[in-house]
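Q: can't give you the sequence, but here's the structure:
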């Protein structure tokens, strides 16, 4: 996976697609806006996008984990809380989300949920 910067200063990683993925351009284009990124790339994205109002850092850990330390500017929605999916659905679907948790399991599942809810761009930060 490599970084791609567009002229509007937004970020999206470019994923390599296999021959079998040539089913349609829509699928291929949509998949470029969802995926895993390393902590190194995430740090770069956060530094370059921190002032972008269309960029959101989403922490899906528990409130206790969040209180112990979190990325500056992150919002916290507890993955284990009642109504988690409804809280996700209430977020703007047109922003770019960088989702993280402690191990990567909750954030990976959250990415799938957000994709199924119709979000436009969601990236999961892989655990370090």
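A: Now that the structure is in, tell me what you want to look at. These numbers come from a predicted model, not from an experiment.
Q: which other residues reach stretch 101-109?
A: Stretch 101-109 has contacts (C-beta atoms under 8 Å, 6 or more residues apart in numbering) with 36, 59-61, 65, 79, 99-100, 110, 124-127. Where C-beta positions appear, they are placed from N, C-alpha and C, glycine not excepted.
Q: average pLDDT for the host helix or strand of residue 113?
A: Element membership of residue 113 [criterion: DSSP states H and E] is helix 105-116. For helix 105-116, the mean pLDDT works out to 96.
Q: Make 543 the starting number, not 1.
A: Taking 543 as the first residue, the last one we looked at is helix 647-658.
Q: Which SSE is immediately downstream of that helix?
A: Sequence order places strand 663-667 as the next helix or strand after helix 647-658, per DSSP H and E.
Q: Next, the angle from the helix holding residue 655 to strand 663-667.
A: Per axes from the mean of the first three to the mean of the last three C-alpha atoms, to 10 degrees, the angle that helix 647-658 makes with strand 663-667 is 170 degrees.
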